[in-house]
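J.: coords please:
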Amino acid sequence: MARVSKYFLDDNRALPSTRKWKAGLYLRLSKEDGDNDEDGKTESDSIVNQRLICENFLADNFDIDFADEYVDDGYSGSTFDRPDFVRLIEDIRLGRINCVIVKDLSRFGRSYLDAGQYLEIFFPMMDIRFISILDNIDSFLDPRSMSDITVSFKNIMNEEYCRDISKKIRSTFVAKRENGEYICGFALYGYVRDPVNRGQLLIDPEAAENVRMIFSLYAQGMSYRGITFHLNSLGIPSPAKYKSMKYPNYNKSFGLGIWNIETVRSILKNRMFVGDLVQGKYEKISHKINKIRRLDEGRWVIVENHHEPIVDRELYTSVQRMMSRKTRISPKSKELALFSGFLVCADCGHKLVKRNPSQEKFREAYHYYTCSTYDSKTKNACSRHTTRSDVLEKVVYAVITKYIDLAVNMDELIKKINLSPKKITITSKLKVSLENKERERKKIESYLMDLYPDLKNGLLSKEQYVQLKDKYERELKDVSTVIQNLSSEIKKDNEGIDGKNPFISNFLRFRNFDKLTREILIALVDVIYVHEGGKYEICFKFRDAFQDAINYIQANKNLVSNSAEILKRISTTTNMEVSG
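T.: The predicted model follows:
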């Protein structure tokens with residue numbers, strides 16, 4: 001029987017032995033290693049080149065047999081959570097291989113601490129021979145090569161390289177986002193990437209129609225659950241399934257391929273559908289940790305009017321208002337109640353809650369609302385403030401109709417005023433305010449200019465200089481914003497009030513409505529206060545714009561014959577008591 005022995009030279013270098021080694025070749029290439037460097041690094045690190053170097057090494061070492069090849073193509077060296085590396089470790093535990101060969105240490109990994117754990121603890125414990133060909137490291141033939149300081153130094157440099165590349169990639173992504181380039185792998189549902197300019201988005205007609213349907217149904221009062229049922233009943237594939245059908249290389253799981261409430265909600269909240277590019281909502285915690293975190297909205301990168309919108313901004317804004325209201329639906333219902341989220345007790349300020357009549361025969365005809373404080377907290381703190389839905393609907397319908405009539409009359413009157421060269425605007429008053437703010441800005445700029453000489457002359461300490469500089473810069477920013485707003489107001493005022501007035505334009509949208517809907521309420525109504533005894537206070541949106549229009553008509557009432565009549569009608573409408 002042959003005797004197996006091991007002989008060592010004085011320098012602790014081992015001679016080849018009769019022991020047979022079962023080798024696993026480990027090859028890795030990541031995106032950060034795949035840059036087209038001028039020094040040919042891409043080619044030198046390629047999987048093909050790594051394989052060739054390892055195979056040539058095996059051909060020269062007869063005591064090592066090839067057992068298996070482990071390839072992680074497209075995986076970063078900053079983490080060891082790679083599919084084939086995990087398989088390699090499992091094969092080591094099962095005894096299938098007892099030797100690991102890599103082209104160089106950077107292919108093994110770029111995390112200094114994790115690489116050290118495997119090379120200095122796990123491999124010796126499992127009696128694994130580790131060979132890094134280009135680094136001249138062989139844990140069996142030259143054990144000292146594993147503990148040489150150059151190994152630690154190379155691992156540190158490999159990690160530093162990974163950190164540097166990570167910073168460069170992040171900086172590149174930030175620059176591309178700020179330049180308005182869409183950098184996600186796949187286009188958002190409803191869009192496709194422009195085949196000519198990959199950083200731009202084009203509308204996908206089929207998916208975009210589904211997005212419009214979702215917004216429209218929600219604006220009409222259908223709940224998330226109702227929309228989900230509706231989409232699935234029509235057999236429309238979910239965004240994930242649609243993407244897998246459209247893109248053969250999209251391999252993420254899509255389950256049953258049906259819609260769910262969260263998908264509907266995320267579409268309704270997504271600002272991208274109004275044409276704004278929104279990116280940078282998440283960031284990777286570290287190049288070492290394969291986890292991401294959501295950033296505050298103030299840190300998102302937003303480029304307005306970047307691509308063609310699927311949904312108009314007005315509808316999107318209305319939907320966001322609807323979603324912001326604290327509303328709920330019964331488990332059996334698909335739609336929100338008409339006034340859900342709008343009704344507030346005029347005395348205690350709490351919401352009114354929906355209740356059904358005790359007699360079932362009335363439940364189809366109406367429901368009623370009552371103060372939540374009285375209903376569920378304490379009856380001593382407030383009174384019922386009960387109101388029936390059918391009565392309230394008639395009252396609100398009548399009031400909105402009157403305001404729409406006002407908007408029509410005001411629009412016609414303002415158009416006549418704008419035709420007159422003698423129209424009066426409030427520009428002169430605004431100009432005085434603008435001149436005052438301009439003087440204030442110059443004064444602050446002068447203070448800022450004097451700070452540094454005062455610091456150099458010893459009149460200010462460094463701390464005082466920093467505090468005053470921050471203070472004046474904030475004041476300068478604030479006054480500059482006011483100047484910009486005043487300039488815009490002057491320009492708008494010189495043009496006169498027209499159909500772009502938010503009150504007029506929004507109420508005119510519904511001039512031919514014949515039924516009160518949640519879409520109308522969301523667009524026009526802010527809140528409805530319910531008083532005890534069946535009186536209501538309806539607070540509309542666009543109150544400032546409404547007052548601007550009144551002021552403009554008042555200032556020019558002598559230019560148009562029927563202006564006094566319309567002003568009287570406005571006064572009567574706004575001061576009327578609303579009762580059910």
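
J.: What strand or helix carries residue 545?
T.: Here residue 545, judged by DSSP states H and E, is contained in helix 543-555.

J.: Residue 386 contacts residue 368, correct?
T.: Yes: the criterion here is CB atoms under 8 Å, and residue 386 meets it with residue 368 at 5.8 Å. Every residue, glycine included, has its C-beta placed from N, CA and C.

J.: Give me the more crowded residue out of these two.
T.: Neighbours per residue, other CB atoms under 10 Å: of residue 386 and residue 368, the larger number sits with residue 368, 19 against 16.

J.: helix/strand/coil for residue 263?
T.: helix (DSSP: H, G, I helix; E, B strand; the rest coil).

J.: Quick check: it touching residue 239?
T.: Yes: using CB under 8 Å, residue 263 is in contact with residue 239, at 6.3 Å.

J.: residue contacts, residue 408?
T.: By CB atoms under 8 Å, 6 or more residues apart in numbering, the contact set of residue 408 is 508, 511.

J.: Kindly confirm my reading that it is in a strand.
T.: No: looking at residue 408 with three-state DSSP, it is helix, so not inside a strand.

J.: Name the next helix or strand downstream of the helix or strand of the chain with the lowest mean pLDDT, please.
T.: Lowest by mean pLDDT, DSSP states H and E among the helices and strands of the chain is helix 41-44, with a mean of 49. Sequence-wise, the next helix or strand downstream of helix 41-44 (DSSP H and E) is helix 47-59.

J.: Centre of the chain to the top helix by length along the chain, how far?
T.: Longest helix in the chain, counting residues (DSSP state H): helix 462-495. A distance of 29 Å separates the centroid of the chain from that of helix 462-495, by CA atoms, centre = their mean, to the nearest Å.

J.: for that helix, which positions count as buried?
T.: 465, 468-469, 472, 475-476, 479, 483, 486, 489-490, 492-493 (16 or more other CB atoms under 10 Å).

J.: Once you drop chain neighbours, what's closest to the residue nearest the centre of the chain?
T.: In the chain, the residue lying closest to the centroid (CA atoms, centre = their mean) is residue 281, at 4.8 Å. Spatial nearest neighbour of residue 281, excluding adjacent residues (CB to CB, 6 or more residues apart in numbering): residue 300 at 5.4 Å.

J.: just residue 188 next, same as before
T.: Spatial nearest neighbour of residue 188, excluding adjacent residues (CB to CB, 6+ apart): residue 272 at 5.4 Å.

J.: list the contacts for the one you found?
T.: Applying CB under 8 Å, 6+ apart, we find residue 272 in contact with 188, 191, 278.

J.: Output stretch 313-320 in CSV, but only the C-alpha positions, please.
T.: Output of stretch 313-320 as CSV, limited to C-alpha atoms (Å, rounded to 0.1, in the frame of the first residue of the first chain):
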residue,chain,number,x,y,z
ARG,A,313,-53.9,67.1,-14.5
GLU,A,314,-57.3,68.3,-13.4
LEU,A,315,-58.7,64.7,-13.1
TYR,A,316,-55.5,63.6,-11.4
THR,A,317,-55.8,66.4,-8.8
SER,A,318,-59.4,65.5,-8.2
VAL,A,319,-58.6,61.9,-7.6
GLN,A,320,-55.8,62.8,-5.1
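
J.: For that stretch, give the mean pLDDT please.
T.: For stretch 313-320, mean pLDDT is 85.

J.: Return the set of buried residues in that stretch.
T.: 315, 316, 318, 319.

J.: any idea which of the buried residues of helix 462-495 is the one closest to residue 448?
T.: Each of the buried residues of helix 462-495 was checked against residue 448 using CB to CB; the closest is residue 472, at 4.9 Å.

J.: Mind listing residues that contact stretch 468-476?
T.: Here stretch 468-476 makes contact (CB under 8 Å, 6+ apart) with 441, 444, 445, 447, 448, 451, 460.

J.: Am I right that residue 53 is in contact with residue 132?
T.: No: counting by CB under 8 Å, residue 53 does not reach residue 132; the two are 10.8 Å apart.

J.: The two: which has the busier surroundings?
T.: Neighbours per residue, other CB under 10 Å: of residue 53 and residue 132, the larger number sits with residue 132, 23 against 20.

J.: show me what contacts that one?
T.: Contacts for residue 132 (CB under 8 Å, 6+ apart) come out as 102, 103, 104, 105, 108.

J.: I'd like to know which of these are part of helices.
T.: 105, 108.

J.: Reformat the contacts of residue 132 as JSON lines; add neighbour count, distance to residue 339 and pLDDT.
T.: Converted to JSON lines, the contacts of residue 132 look like this (neighbours: other CB atoms under 10 Å; distance: CB to CB, whole Å; pLDDT from 0 to 100):
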{"residue": "102", "neighbour count": "25", "distance to residue 339": "69", "pLDDT": "92"}
{"residue": "103", "neighbour count": "24", "distance to residue 339": "70", "pLDDT": "90"}
{"residue": "104", "neighbour count": "17", "distance to residue 339": "70", "pLDDT": "86"}
{"residue": "105", "neighbour count": "22", "distance to residue 339": "69", "pLDDT": "84"}
{"residue": "108", "neighbour count": "24", "distance to residue 339": "66", "pLDDT": "88"}
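
J.: out of the contacts of residue 132, who's nearest residue 304?
T.: Out of those, the member with the shortest distance to residue 304 (by CB to CB) is residue 108, at 46.6 Å.

J.: Contacts only, for the closest one.
T.: By CB under 8 Å, 6+ apart, the contact set of residue 108 is 26, 28, 77, 102, 115, 118, 119, 132.

J.: Spell out the residue ranges of the strands in the stretch 351-500 of the chain.
T.: For the stretch 351-500 of the chain, the strands defined by DSSP state E, counting those that start in this stretch occupy 352-355, 368-371, 387-388.

J.: And the stretch 201-350 of the chain, by the same measure?
T.: With DSSP E, counting those that start in this stretch as the criterion, the stretch 201-350 of the chain has strands spanning 201-203, 277-279, 282-284, 292-294, 301-303, 343-345.

J.: most packed of those strands?
T.: Comparing the strands of the stretch 201-350 of the chain by mean neighbour count (mean count of other CB atoms under 10 Å), strand 343-345 comes out on top with a mean of 22.

J.: rewinding a little: wait, which of the strands of the stretch 351-500 of the chain is closest to residue 502?
T.: Each of these has some distance to residue 502 by CB to CB; the shortest is strand 352-355, at 27.8 Å.

J.: How far off centre is the closest one?
T.: With CA atoms, centre = their mean as the basis, strand 352-355 stands 34 Å off its chain's centre.

J.: again, but for stretch 557-576
T.: Relative to its parent chain, stretch 557-576 has a centroid offset of 46 Å by CA atoms, centre = their mean.

J.: now do stretch 85-98
T.: Relative to the centre of its chain, stretch 85-98 is centred 42 Å away, using CA atoms, centre = their mean.

J.: Check stretch 399-418 too.
T.: That offset, for stretch 399-418, works out to 39 Å (CA atoms, centre = their mean).

J.: Rounded mean pLDDT for it, please.
T.: Rounded mean pLDDT across stretch 399-418 is 89.

J.: got it, and stretch 509-524?
T.: Stretch 509-524 carries an average pLDDT of 87.

J.: Can you add distance to residue 344 and give the buried residues of stretch 313-320 back as CSV?
T.: Below are these laid out as CSV (distance: CB to CB, whole Å):
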residue, distance to residue 344
315, 25
316, 25
318, 20
319, 21
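
J.: what's the most distant pair in those residues?
T.: Between any two of the buried residues of stretch 313-320, the greatest separation by CB to CB is 7.3 Å, found for 316 and 318.

J.: Overlap in contacts, those two.
T.: By CB under 8 Å, 6+ apart, no residue touches both residue 316 and residue 318.

J.: For residue 365, give me its contacts.
T.: Each residue near residue 365 by CB under 8 Å, 6+ apart is listed here: residue 390.

J.: and if we set it to 10 Å?
T.: 357, 388, 389, 390 (CB atoms under 10 Å, 6 or more residues apart in numbering).

J.: show me where pLDDT drops low in the stretch 51-200 of the chain?
T.: Counting by pLDDT under 70, the ranges of the stretch 51-200 of the chain that qualify are 112-113, 147-180, 183, 185.
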